[in-house]
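Undergrad: No letters, just coordinates:
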């Protein structure tokens, strides 16, 4: 008889927990999963000094694709068929060495310190603050020329609402003056990037170079 009571008690525990917390168990599990995604960045920062198995390493590598610049404040969203049409193959944004003095000439500097140079002006619409945009990019460290992130390699442009603080300041400013179809090289000082924070392979106070292509507008 004692075993029967223990069995019945075990059956009622999940329901009692759900009643106490005010949410069914699956929702609590989902909340924990979302919290894990939000902590992906500090977890990855610790991985340099920890011994990780191959499965954890692959999971962390995938997480970096969703947290690196300039999308640190905005998750990737689904890509519409419209955003895929007309985008280049990204070869124009590929490079493998340090930046030369000649490559850093011919830029226009704004009052904020952002520098940009148009490779192709584009013929489409210019986004307004709050508009959804799809943009491809490749990001490099100005000092070394090392690449730290590329949406071209993932095959998916970044989607976000421009001018709303969802990305770094240099990006918001630069894309608000681009036209759809345009390609632009940006030199973003650390004050308009990540400042004194280290973000993965990006050291503190790093000036950044982005090759940006405005693919389309849309949410």
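TA: Here it is on my side, so go on. The structure displayed is predicted, hence computed values, not measured ones.

Undergrad: Need the pLDDT of residue 12.
TA: With respect to pLDDT, residue 12 scores 47.

Undergrad: what are the ranges of the helices in the protein?
TA: 2-21, 25-38, 40-46, 54-67, 81-84, 151-154, 169-175 (DSSP state H).

Undergrad: I'd like to know which of the ones you listed has the weakest mean confidence.
TA: helix 40-46 - the lowest mean pLDDT of those, at a mean of 24.

Undergrad: any idea how far the residue lying closest to residue 197 once chain neighbours are set aside lies from residue 162?
TA: In space, and not counting its chain neighbours, residue 197 is closest to residue 204: 6.2 Å by CB to CB, 6 or more residues apart in numbering. Just so you know, the C-beta spots here come from the backbone N, C-alpha and C atoms, and that holds for glycine as well. Computed as CB to CB, to the nearest Å, the residue 204 to residue 162 distance reads 26 Å.

Undergrad: Kindly report the same for residue 140.
TA: Counting by CB to CB, the gap from residue 140 to residue 162 is 22 Å.

Undergrad: and what of residue 175?
TA: Taking CB to CB, one finds residue 175 at 5 Å from residue 162.

Undergrad: okay, and the common contacts of these two?
TA: Common neighbours of residue 175 and residue 162, using CB atoms under 8 Å, 6 or more residues apart in numbering, are 127, 133.
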